[in-house]
Structure formats: structure tokens, C-alpha cells
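Novice: Model the structure of this input:
(one chain, ligands or ions: 1)
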Amino acid sequence: MERRNFIQGAAGGMLLAAAGNLQSQTAHDKTIGIQVGAVSFIDEGTEKVLDELQQDGSVNTLFVATFTYGRGIAGRQVPGQPLPDHGKQEYDTETFHGGSYTAVHPQYYKNTVLKDFRAPEFGNYDVLESVLPAARKRGMKTICWYEDVFRGDVPNIEKLQEKDLYGRNTTTLCFNNPDYRNWLMAIAEDWSRSYEIDGIMWGSERQGAFSNALGASHGGSDPGKVTCFCSFCQTKAKQRGINVERARTGFLELEKFVRAGRAKQRPIDGYYVALWRLMLKYPELLSWEMLWTDSLRETYAAIYHRVKEVSPAIGVGWHIWHNNSFNPIYRAEQDLAELSHYSDFLKIVIYHNCGGERMATYINNVGSTIYGDVPAQDLLDFHYRVLDYREKSLAEISRTGLSADYVYREAKRAFDGLSGTKTKLWPGIDIDIPTAANHSKCTPDGTKEAVLAAFRAGSHGVILSRKYSEMMLADLKGAGAALKQLGLA
Ligand SMILES: [Zn+2]
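Specialist: Reported below is the predicted structural model:
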């Protein structure tokens with residue numbers, strides 16, 4: 001064969017291979033997921049909801065909120081936010097309670113004192129029993145979706161709660177408490193054995209004591225209530241060679257630093273230097289942060305292996321908190337190569353619209369602690385540099401949201417971080433996640449661009465978030481339009 005022909009032949013072969021790749025990347029391979037809670041199926045009817053999800057969003061995978069005490073993924077629209085154009089046109093302020101929206105099979109909960117957590121609002125309604133067969137008939141997959149959110153009146157909950165710096169119980173539960181870790185594994189095993197599910201996703205929107213003390217997130221924080229100092233965590237710390245008393249002293253000093261910063265009492269050498277002085281004097285501050293992070297990773301691994309013992313075919317993965325987009329310390333803790341060892345998939349939250357408001361809040365929070373000397377716009381520019389974003393000014397982002405380019409950059413970074421691993425990347429896409437009244441709202445075009453950006457970055461799917469009961473159908477159709485354009489509908 002002449003050289004010229006050979007090259008043409010080789011190029012043709014590559015083209016054929018590329019076409020083959022495209023062929024295999026049909027809707028069957030890409031996960032088009034949506035998060036949906038029990039209340040939507042009850043209010044609108046199972047078949048009607050599934051019709052809508054398939055027609056408007058080309059959805060092929062349900063992420064059913066099977067357990068939570070939180071309003072973020074269960075219940076109707078958050079009170080105070082406009083009701084969407086479907087579902088019951090009223091708020092569930094009085095009736096929302098939370099818990100498990102599936103039957104609880106007691107044989108799986110022998111190794112935990114947390115046994116009484118069935119959501120009471122729909123009687124004996126079991127969302128998996130009701131929805132899963134209907135979804136399967138349509139070729140749709142069902143993934144159980146649960147999160148690390150509890151209420152204070154669950155029987156025995158006080159035995160699982162974290163202890164703060166002063167030894168007080170908190171509303172959050174401790175991963176190193178056997179009653180909690182066993183429960184997390186038990187409910188995953190219950191769903192895996194009791195139903196023919198396709199997967200499990202769990203999410204924990206929390207971080208360790210150091211980042212929390214600094215208020216380094218888009219939420220609030222109290223530096224005197226950082227966690228966890230329970231007996232289980234103290235034992236684990238000692239095993240790791242961490243001096244518990246020095247850690248506690250360090251966090252008491254850090255609390256003073258944060259309270260002074262919030263009161264605008266500038267340290268003599270400035271905020272950044274004063275914090276470094278504390279970190280150098282008490283490296284236990286970082287050891288305690290990593291103790292918490294490692295405990296979360298061990299929890300992921302424990303759930304993963306428990307489910308795989310039941311069936312290797314059941315996919316297991318994690319919802320990664322939006323703080324990954326704002327706080328570089330938290331981002332550093334999201335080591336994707338490490339997580340890949342016990343993750344079939346990752347839902348990296350990349351919410352573009354509410355991301356603007358949340359980034360602004362984060363900048364405001366760290367602007368009174370670690371970066372107290374840096375003017376807010378400079379601080380945002382610094383974060384854009386180190387996080388690799390090209391976004392609008394601080395004065396604008398709450399009213400514009402972040403762009404599709406942010407979605408692309410975050411998805412691409414995650415895709416590259418996972419290269420060479422088995423873990424699939426399914427970014428979380430923002431569809432009408434509540435924002436303040438005068439802040440930016442999702443649009444059909446914005447949603448479409450976000451979905452296109454996620455796939456342009458190589459993602460293996462998307463998860464439309466947070467919940468169907470707060471989404472406008474036009475914005476869901478925006479996602480659908482992107483999927484049609486990509487040939488994935
Ligand atoms: Zn603990």
C-alpha cells in the first residue's frame with residue numbers, strides 16, 4: 001500500500017472508530033437523571049410524572065429521595081418561593097416532616113439504635129414499591145437518593161449526634177459513631193435487598209472543624225459549635241497520634257480569632273498572618289479537619305462495600321456539595337482519584353444559577369475571617385484565579401448567576417480528575433433551585449446551555465436538581481432541548 005493510501009486508510013479507520021464511539025454514546029449510555037421526591041408522585045400521579053419527565057427532560061434515571069429530613073430534596077416548593085406550574089398549588093408547611101419514604105424492614109437495623117425514622121406524612125405509602133415497577137416498564141432506572149440531614153426529635157437521635165468544641169450535642173450525626181455508620185449501611189442494604197434498584201446515592205453537605213470555624217462555605221457557621229469532639233472521634237484521634245487537648249485549645253483560639261474578625265477587631269499583624277500563626281502553633285487544627293474528612297471517606301467506602309456485597313450490579317455514588325465550587329480548602333479535600341476507589345459515579349454539584357448568590361455569600365463569609373484584609377472584589381478575583389473561573393463581578397453575580405462556562409470548567413476539571421478511573425461523572429444541573437427574590441432565576445436557555453456545557457466537557461450524564469417539585473416545566477424543557485440537540489433524547 002502506498003504511503004498516501006495508508007494514511008487515508010488509517011484516517012478512515014479512525015473516523016469509523018470515532019463514529020462507533022458516537023454510536024455507543026446514545027441515550028442508553030448517558031445517564032439523564034432527575035431528583036424527585038415522593039410528594040410529586042402523590043400529588044401528580046406516578047404515570048403523569050413519568051410522562052412529563054420523559055417528554056420534557058428525556059429523563060432515563062430517577063433519583064428518588066427515599067430518605068431525608070430536609071426540604072432541599074423532599075417536600076413541595078420551599079415556603080416563600082413561587083410555586084411551579086405543576087403539582088398541587090399549595091405549600092406543605094404544616095405537613096412536611098421527612099424520614100424514610102419507603103417501608104422500613106427491621107431485620108437490617110439490628111446494629112443501630114436508630115430504628116424509628118419512617119416519614120409519617122403519606123401513611124404506608126412506599127415510593128419505591130409504587131414507582132419502581134412503573135419506571136422499569138418504561139426502561140427507566142431508579143436510584144435511591146438519601147442525605148445526611150436529620151431532625152432533633154427522632155427517637156434515640158441524641159446518641160448519634162456529634163459533640164461540639166464544648167462537648168454539647170449538635171444537630172449533625174457523627175460518622176465515627178457506630179450507631180450512625182451502621183445505620184447508613186443498613187438503610188442502603190435494606191433498599192438493595194428489598195427492591196430491584198439500580199443504584200444508591202448519598203450526600204453529606206458538611207465539612208470539618210477548621211473550614212467550618214472560618215465560615216468557609218456559602219452557609220453560616222458558629223466557631224464555637226465546630227465538630228466533632230465525641231468520645232469516638234477522640235479515640236480515633238489518639239490512634240492517629242493527635243493530641244486531643246492541643247486540638248481543643250487550638251480550636252478555642254481559632255474561635256476567638258473568628259469572633260474578633262467578625263467584630264472587625266483586626267489582629268496586629270492582620271488576619272492572614274494571625275491565622276497562619278495559629279496553624280503553625282496548632283497543626284492539630286488541620287489534623288482534626290482531615291480526621292473528619294477521612295471519616296467521611298471511610299463512610300463512603302463502608303456504604304459502597306455493603307451494597308456491593310448484596311449485588312455488584314447496583315451502582316453506588318455520591319453527591320458532592322456545592323462548596324466544592326467556592327472553598328479551595330474543601331475542594332482540596334475532594335480528591336477525585338481517592339474517591340474513585342469507592343465510587344461508581346459522582347454527582348459533582350455544578351449549579352450555575354444559584355452559584356452566583358452562593359459564591360457572593362462565601363466571599364462575604366471568608367472576608368471577615370481568613371481574608372479579612374482583602375477587599376471583596378479582590379478576594380473574588382483571587383478565587384476566580386485559583387479556582388480557574390472567568391465570571392462576573394461581585395456586584396453582578398447574585399443577579400446574573402454563574403455562566404455555562406463555569407459549568408464547563410468544573411465538569412472538565414472533574415472529568416480530567418477522574419481520568420483513568422472507572423468512576424462516571426454526572427454533574428448536578430441547577431433547575432430552579434431557590435434564590436433570593438431579587439436574585440437571578442433559571443431560564444430555559446440558561447438550563448440548556450448548562451447541560452450542553454456539561455456534555456461538552458465529557459460528562460457521562462447529568463442529574464437535574466434539586467427536585468422536580470420546585471422546577472418550572474419550561475426550564476426542564478430547556479434541559480430537554482439540549483439533549484435533543486446532542487442526539488441524546
Ligand atoms: Zn464524633
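Novice: which non-adjacent residue is nearest the residue in the stretch 51-200 of the chain positioned nearest to the ion?
Specialist: Residue of the stretch 51-200 of the chain nearest the ion, by Cβ to the ion: residue 174 (3.3 Å). (C-beta placed from N, C-alpha, C; glycine too.) Leaving aside its chain neighbours, residue 174 sits nearest to residue 162 (4.5 Å; criterion: Cβ to Cβ, 6 or more residues apart in numbering).
Novice: Quick check: residue 168 vs residue 186, distance?
Specialist: Distance of residue 168 to residue 186, computed by Cβ to Cβ, to the nearest Å: 27 Å.
Novice: Sorry, wrong one. I was asking about residue 349.
Specialist: Computed as Cβ to Cβ, the residue 349 to residue 186 distance reads 26 Å.
Novice: List the backbone torsions phi and psi for the residue nearest to residue 174.
Specialist: Note on residue 162: its backbone torsions stand at phi -70, psi 160 [degrees, to the nearest 10].
Novice: Looks like residue 96 contacts residue 121 (just checking).
Specialist: Yes: counting by Cβ atoms under 8 Å, residue 121 is a contact partner of residue 96 at 6.7 Å.
Novice: how about whichever residue of the stretch 351-489 of the chain sits closest to the ion, secondary structure?
Specialist: The minimum distance from the stretch 351-489 of the chain to the ion, using Cβ to the ion, falls at residue 369 (24.0 Å). Classification of residue 369 using DSSP: H, G, I helix; E, B strand; the rest coil returns coil.
Novice: Pull the contacting residues for it.
Specialist: Counting by Cβ atoms under 8 Å, 6 or more residues apart in numbering, residue 369 touches 214-216, 257-258, 261-262, 271, 275.
Novice: For the residue of the stretch 51-200 of the chain closest to the ion, what are phi and psi?
Specialist: phi -90, psi 130.
Novice: for residue 319, same thing?
Specialist: Torsion angles, degrees, to the nearest 10, at residue 319: phi -90, psi 120.
Novice: same check, this time on residue 32
Specialist: phi -110, psi 90.
Novice: Can you report how many residues neighbour it?
Specialist: Using other Cβ atoms under 10 Å, residue 32 is surrounded by 24 other residues.
Novice: Show the model's pLDDT score for residue 20.
Specialist: In this model, residue 20 is scored at 41, pLDDT.
Novice: What separation is there between residue 203 and the ion?
Specialist: Here the criterion is Cβ to the ion, to the nearest Å. By it, residue 203 lies 19 Å from the ion.
Novice: quick one, what contacts that residue?
Specialist: For residue 203, the contact set (Cβ under 8 Å, 6+ apart) comprises 145-148, 318-321, 347.
Novice: Turn these into a markdown table, including secondary structure, pLDDT and distance to residue 435.
Specialist: Formatted as a markdown table, the contacts of residue 203 follow (DSSP: H, G, I helix; E, B strand; the rest coil; pLDDT from 0 to 100; distance: Cβ to Cβ, whole Å):
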| residue | secondary structure | pLDDT | distance to residue 435 |
| --- | --- | --- | --- |
| 145 | strand | 98 | 22 |
| 146 | strand | 98 | 25 |
| 147 | strand | 98 | 20 |
| 148 | coil | 97 | 23 |
| 318 | strand | 98 | 25 |
| 319 | strand | 98 | 20 |
| 320 | strand | 98 | 21 |
| 321 | coil | 98 | 17 |
| 347 | strand | 98 | 20 |
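Novice: Confirm for me that residue 213 is in contact with residue 253.
Specialist: No: contact criterion Cβ under 8 Å: residue 213 and residue 253 do not qualify, at 10.1 Å.
Novice: which of these two has more neighbours?
Specialist: The neighbour comparison of residue 213 against residue 253 (other Cβ under 10 Å) goes to residue 213, with 26 against 16.
Novice: With adjacent residues omitted, what lies nearest to the more buried one?
Specialist: Nearest one to residue 213, counting by Cβ to Cβ, 6+ apart, is residue 223 at 4.2 Å.
Novice: Let me see the contact set for the one you found.
Specialist: 212-215, 251, 254-255, 258-259.
Novice: Can you say which of those residues are buried?
Specialist: With neighbours counted by 16 or more other Cβ atoms under 10 Å, those contain buried members at 212-215, 251, 254-255, 258.
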